[in-house]
Structures are given as C-alpha cells and as structure tokens.
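Chemist: can't give you the sequence, but here's the structure:
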C-alpha cells in the first residue's frame with residue numbers, strides 16, 4: 001500500500017535505517033526504475049502513475065542485502081562519511097548560514113542539474129565506487145567473514161578443520177549481528 005504515498009514525490013528518505021537491517025531489494029529495484037507503478041491504497045480505488053522518486057537511505061551502517069547482482073549495484077550509489085565531528089568542529093549556526101545562502105545554493109543546484117542532464121548521468125567518484133564494492137562484498141556474509149578474519153598464508157601445510165571454521169563463522173556472525 002505504500003506505493004500510493006510516492007505519487008508526486010521526488011525523494012523518499014529513510015533516516016532511521018538500522019545497521020544490518022535487511023534491505024527490500026526487489027522493492028528498491030522497482031522504485032528506482034522510473035516506470036509505471038500501480039498503487040492500491042486501502043479503502044480507495046487502485047491507480048497507476050509514473051514513479052519519479054529517488055530512494056535515499058541514511059544509516060550509520062550499510063543495509064544488509066542478499067542481492068549482489070548488477071541490477072542492484074547499478075542502482076545503488078554509496079557515500080561514506082567517515083569523519084566524526086568534535087564539539088569544536090560543530091558549527092551551531094550552520095543552519096542560519098545556509099538559510100542566508102538559499103538563492104545561491106538553488107542556483108548551484110540548477111546549474112549542476114543541467115550539467116547532469118546534458119551529460120546523461122552522474123560522474124561517480126572513486127570513493128563511491130570503492131564504498132559500493134565494499135558494501136556488496138560485505139553483503140556476502142561468507143566473503144565478509146573470510147575478508148575480516150582469515151589469512152591466506154600461502155603455506156599448503158596450514159590447515160583448519162571445517163568444524164572449527166564453521167564455529168568461527170557462527171561466532172563472527174553473532175558478533176556482527178548478522179542474522180541472514
């Protein structure tokens with residue numbers, strides 16, 4: 001029923017997404033296609049419309065996904081903000097300063113939107129590509145476990161039993177709050 005709420009929206013922002021919470025991959029793909037959507041609101045008539053919204057997820061940790069396909073990866077753009085601001089770095093008057101610059105900010109947005117349209121898309125920074133690669137790699141829980149905990153010594157005599165490896169994998173999943 002939530003499709004009906006997208007009518008006329010350009011952005012859908014979830015600012016309370018929990019780390020390792022499951023991402024509804026199929027819904028996200030469907031909502032990112034700018035295609036015809038059929039909405040069936042409760043107690044109202046069904047209707048169709050073209051969805052023009054962009055989904056934005058704000059989170060302190062990457063959402064969990066089981067879909068590492070090209071279909072999802074071409075839709076997802078990951079921005080990592082790795083800086084933690086100290087009290088002395090926080091500008092408590094930033095909102096007021098931005099409000100004073102609204103007209104200039106709007107002009108910049110329009111200018112860059114026109115560049116985006118002319119170019120036919122975004123130029124994706126290397127940092128976003130790396131963040132996406134890390135996200136997709138970490139979405140594969142087995143690959144995430146291997147990357148984070150195992151070392152390839154290249155010594156063929158180094159061995160670990162399958163049971164020990166599985167036990168370590170289970171412990172790792174528990175410590176990372178991975179339930180999928």
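Modeler: Looks like it came in fine. Note that the structure is a prediction, hence the values are computed from the model and not measured.

Chemist: how close does residue 176 sit to residue 56?
Modeler: Going from residue 176 to residue 56 by CB to CB, to the nearest Å gives 25 Å. In this view, the C-beta of every residue, glycine as well, is placed from N, C-alpha and C.

Chemist: and these two? Which one has more around it.
Modeler: A direct count of neighbours by other CB atoms under 10 Å for residue 176 and residue 56 places residue 176 higher, at 16 against 13.

Chemist: against residue 124, how distant is the more buried one?
Modeler: Residue 176 sits 28 Å away from residue 124, going by CB to CB.

Chemist: again, but for residue 86
Modeler: Taking CB to CB, one finds residue 86 at 30 Å from residue 124.

Chemist: between the two, who's got more neighbours?
Modeler: residue 124 (11 against 7).

Chemist: so the more buried one makes contact with residue 77?
Modeler: Yes: with contact defined as CB atoms under 8 Å, residue 124 counts as touching residue 77 (6.7 Å).

Chemist: ok, residues contacting the helix or strand of the chain with the lowest mean pLDDT?
Modeler: When each helix and strand of the chain is scored by mean pLDDT, DSSP states H and E, helix 25-31 comes last, with a mean of 75. Identification of contacts with helix 25-31 by CB atoms under 8 Å, 6 or more residues apart in numbering yields 6, 12, 37, 51, 53, 55, 65-67, 71-72, 75.
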